[in-house]
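In: Next one to model:
(one chain, ligands or ions: 1)
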Amino acid sequence: MLLNPNMRELLSERFALDDEFAGAVIGGLSRPQKTLPCRFFYDARGSELFEEITRLPEYYPTRTETTILSAHAQEMVEHLPPAGVMLEFGSGSSLKTEILLDQLAHLTAYVMIDVSQTALLGAQARLARQRPALDVRAIVGDFSRPVQLPEDLRARPKMGFFPGSTIGNLTPSEAIRLLRIFRAALAPAGHLIIGADLKKDARRLVLAYNDAAGVTAAFNLNLLARINRELGGDFDLAAFRHEAIYNPRHGRIEMHLVSLRQQSVTIRGQRFSFRPGETIHTENSYKYSIEQFRELARSADWLPRRVWTDAAHMFSVHELVAS
Ligand code: AVJ
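Out: Purely as a prediction, here's the structure:
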């Protein structure tokens, strides 16, 4: 079959992603503490389940952050001139961005970066309808790799937006590395508005990651279903259970999948055995006090400026400026 260049690119992207997934799964399950990287949660089913999580009564981050953004959007964007560029890392459906864009009637350009081409196309179509004057550019890619902005936008003043407390999925040293990448993407004098979940009562945290309806459990177990679907694995989903614990030493929620019995699983011809009670560590979600997060930002050469929070101090939104 003859492929046009575009299609060839899409297919090679697909294979590269498969390889990356297979490599990460085999590598992660070969370690003494088995792990699977949380970025693989978000296939079509996983993204649906995550949307459902954001509406759960126990899962406070999304609605709290939205409240904070709505209350302070004007202050958050006041430094961005009309000729400026809003740059969002991991934009997904771009719904939170609209709260800021509503305050930027004259803004000319919005750049979104996401690994999901489907999410980008959806957001781009919606924004084109709602804001025909806004120049919306989509970059398909992983925001944790250095990003090249379109040539014509490079010299413009920029504001970065990274909501959702996604930064919490990284270890502090990885988070510092990412904040430096953002600084480079927003150079020479960028602003960054970034959401971070706050430290709080451990019971409250654990409930947010272990909801009564079992949606987070389904989200966690979907990773095994995805391995079965995409890599031909033979995980028995009924032989694992979801677990969420707060690790006070690291200040993070950890999600695990616990093997309910002695068992083995085969993926791409490789066999992995599990002892009863052995876990696969699937996600970290770090929680920072306001001061801890400001210190983290300083370590990445950002100057923390203003910070906004909700009345119950559940979540924080930070303003960082390039020092
Ligand atoms: C999307 C990374 C912010 O860590 O709270 C939600 C993902 N995992 N429930 C988080 C998640 C389990 C979420 N982030």
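
In: From here on, just use CA atoms for contacts and neighbour counts.
Out: OK.

In: and the stretch 51-200 of the chain, which residues reach the ligand?
Out: Counting by CA under 6 Å from any ligand atom, the positions of the stretch 51-200 of the chain adjacent to the ligand are Gly164, Ser165, Thr166, Asn169.

In: Farthest pair within those?
Out: Spatially, the most separated pair among these is Gly164 and Asn169, at 10.5 Å (CA to CA).

In: what are the ranges of the strands in the stretch 51-200 of the chain?
Out: Secondary structure of the stretch 51-200 of the chain (DSSP state E, counting those that start in this stretch): strands located at 85-89, 109-114, 135-140, 158-162, 191-197.

In: Dump these to TSV, plus mean pLDDT, distance to Arg39 and mean neighbour count.
Out: Compiled in TSV, those are given as follows (pLDDT from 0 to 100; distance: least, CA to CA, whole Å; neighbours: other CA atoms under 10 Å):
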stretch	mean pLDDT	distance to Arg39	mean neighbour count
strand 85-89	95	14	24
strand 109-114	94	12	21
strand 135-140	94	15	18
strand 158-162	96	16	24
strand 191-197	97	18	25
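
In: Let's have those strands in a markdown table, adding distance to His281.
Out: Listed next are these as a markdown table, based on distance: least, CA to CA, whole Å:
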| stretch | distance to His281 |
| --- | --- |
| strand 85-89 | 25 |
| strand 109-114 | 25 |
| strand 135-140 | 28 |
| strand 158-162 | 25 |
| strand 191-197 | 20 |
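
In: And these: which comes nearest Glu243?
Out: Here strand 191-197 is closest among these (CA to CA), at 19.9 Å.

In: quick one: contacts of the next helix or strand after the closest one?
Out: Using DSSP states H and E, the helix or strand that follows strand 191-197 towards the C-terminus is helix 202-208. Helix 202-208 is contacted by residues Glu58, Tyr59, Tyr60, Ala244, Ile245, Tyr246, Ile253 when judged by CA atoms under 8 Å, 6 or more residues apart in numbering.

In: make it 6 Å
Out: Glu58, Tyr59 (CA atoms under 6 Å, 6 or more residues apart in numbering).

In: pLDDT of that helix, averaged?
Out: Averaged across helix 202-208, the pLDDT comes to 98.

In: Distance from that helix to the middle of the chain?
Out: 20 Å (CA atoms, centre = their mean, to the nearest Å).
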